[in-house]
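> can't give you the sequence, but here's the structure:
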């Protein structure tokens, strides 16, 4: 089951450490203060039949996307997401590749080629 969600992206100026010292890998744990960069829509959901759920318990999914231009930098190869919940003993660190601008060039070239072929067919 799932629902839509509204997310906020912040530039954090101060972090809070995790509640338990043995979970230091979960640091940073919680935002104390920061500056709002962007808001975006996403989704969240739960389920017991997800492919990665090997023990039969409930899995939780959070999904969203935002424009990387809010960071004001270019030529990004990877983005790392750090997620912690509640007391900071449940954590996730994952890195995702950012698509190359070359994909846009290929798609654009294909559209130009398709337009050229269509134009030739219309003329003949």
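Perfect, I can see it now. It should be emphasised that the depicted structure is a prediction, and the values quoted were computed from it without experimental measurement.
> now residue 32, nearest residue through space, not along the chain?
residue 14 (4.2 Å; CB to CB, 6 or more residues apart in numbering). Just so you know, the C-beta spots here come from the backbone N, C-alpha and C atoms, and that holds for glycine as well.
> Give me the neighbour count for the one you found.
Residues near residue 14, counting by other CB atoms under 10 Å, number 9.
> just residue 38 next, same as before
When neighbours are counted by other CB under 10 Å, residue 38 registers 13.
> Next, find the distance separating it from residue 15.
According to CB to CB, to the nearest Å, residue 38 and residue 15 sit 19 Å apart.
> for the protein, what are the low-confidence residue spans?
Residue ranges of the chain with pLDDT under 70: 1, 48-57, 79-94, 98-101.
> Give the next helix or strand downstream of the longest strand along the chain.
Assignment by DSSP state E gives strand 30-47 as the longest strand of the chain. Where DSSP states H and E defines the elements, the next helix or strand beyond strand 30-47 is strand 59-64.
> list the contacts for the residue nearest the centre of the chain?
For the chain, the residue nearest the mean C-alpha position is residue 65 (5.0 Å; CA atoms, centre = their mean). Counting by CB atoms under 8 Å, 6 or more residues apart in numbering, residue 65 makes contact with 40, 42.
> when you give positions from now on, start the count at 54
Right, with 54 as the first residue, what we last looked at is residue 118.
> before we move on, the earlier item: how far away is the residue nearest to residue 85 from residue 84?
8 Å.
> for the residue nearest to the centre of the chain, phi and psi?
phi -140, psi 140 (degrees, to the nearest 10).
> just the helices in this protein please.
155-176 (DSSP state H).
> who does the longest strand of the chain pair up with?
Applying DSSP bridges to the sheet, strand 83-100 is found paired with strand 55-69 (antiparallel), strand 112-117 (antiparallel).
> Show residues contacting that strand.
By CB under 8 Å, 6+ apart, strand 83-100 touches 54-69, 106, 111-120, 123-124, 137, 141.
> in that strand, what's buried?
By 16 or more other CB atoms under 10 Å, the buried positions in strand 83-100 come out as residue 83.
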